[in-house]
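Q: build me a structure from this.
(one chain, ligands or ions: 1)
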Amino acid sequence: MNLILLGPPGCGKGTQATYLVEKYGYVQLSTGDMLRDAIKNNTTTGKIVKDVLASGKLVDNELILQIMKDKIEETKASPGRIFDGFPRTLAQAEGLNALLSQNNLSIDLLIELVVDREELFERIQKRASESASVRDDDNADVLGKRLDVYNQETKPIISYYERDYFVNKIDGMQDIKTVNMLIDKLVASGTKQ
Ligand code: AMP
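A: Sure thing, here's the model as predicted:
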């Protein structure tokens with residue numbers, strides 16, 4: 001099962017991915033988490049991307065695709081992968097198609113979590129006030145930038161996918177458990193095929 005979770009920052013992709021990891025044993029491939037780990041460990045990649053993350057802009061497609069290439073190969077034996085925060089640009093979506101076909105894999109399910117802008121600001125502010133290690137980019141200024149980047153660069157990939165796939169839209173304004181249940185239904189029916 002290869003599932004792509006789409007939606008703006010703060011829409012709940014990470015929370016829902018964690019649930020699927022626990023229930024189905026899938027791996028969560030979150031490029032945001034990978035980049036934050038690289039920064040924390042002060043690796044070469046971490047040094048390159050630190051300021052980019054703090055600014056809310058996107059990291060170079062080539063670097064992201066190189067990281068993803070390695071991750072897809074490393075997780076070949078996994079029963080499933082949840083792509084969370086990737087792809088974020090058309091070039092990444094095209095790169096993912098190539099990587100999947102090189103590994104005899106395909107996209108099985110696409111889900112978009114739909115949440116309105118005001119709610120996203122409230123959630124990110126709440127996350128920043130609760131989090132023990134506050135993310136550099138969890139503040140109103142950078143969130144505004146991240147949402148603009150999402151609308152300009154990431155949203156177009158939804159219509160790109162809609163040319164060849166059905167993109168399941170879920171109202172992400174509902175409570176976490178309801179969203180869980182709706183995603184679970186889609187994954188369960190996708191798994192049986
Ligand atoms: P996230 O945790 O998914 O919200 O990602 C946090 C930040 O990491 C983003 O604002 C970008 O700066 C960077 N990032 C994460 N995933 C990607 C990606 N697929 N392409 C480019 N930049 C990314």
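Q: going forward, measure contacts between C-alpha atoms and count neighbours the same way
A: OK.
Q: which residues touch the nearest residue to residue 10 once chain neighbours are set aside?
A: Leaving aside its sequence neighbours, residue 10 sits nearest to residue 120 (CA to CA, 6 or more residues apart in numbering; 5.5 Å). Contact analysis of residue 120 by CA atoms under 8 Å, 6 or more residues apart in numbering lists 9-11.
Q: mind checking pLDDT for the residue lying closest to residue 49 once chain neighbours are set aside?
A: Spatial nearest neighbour of residue 49, chain neighbours left out: residue 59 (6.6 Å); criterion: CA to CA, 6+ apart. We have a pLDDT of 98 for residue 59.
Q: so residue 59 sits against residue 52, correct?
A: Yes - assessed by CA atoms under 8 Å, residue 59 is found in contact with residue 52 at 6.3 Å.
Q: quick check: the gap between the residue nearest to residue 49 and residue 26.
A: Here residue 59 is placed at a distance of 25 Å from residue 26 (CA to CA, to the nearest Å).
Q: neighbour-wise, which of the two wins?
A: residue 26 (21 against 18; other CA atoms under 10 Å).
Q: skipping its backbone neighbours, what lies nearest the more buried one in space?
A: Nearest-residue entry for residue 26: residue 80, 4.5 Å, with adjacent residues in sequence omitted and distances by CA to CA, 6+ apart.
Q: what about that neighbour, neighbour count?
A: Around residue 80 there are 20 residues (other CA under 10 Å).
Q: wait, isn't residue 1 in contact with residue 79?
A: Yes - the pair residue 1 and residue 79 passes the contact test of CA under 8 Å, sitting 6.5 Å apart.
Q: and stretch 147-160, anywhere near the ligand?
A: No - if you take CA under 6 Å from any ligand atom as the test, stretch 147-160 misses the ligand, and the best it gets is 8.4 Å.
Q: okay then, goodbye and thanks.
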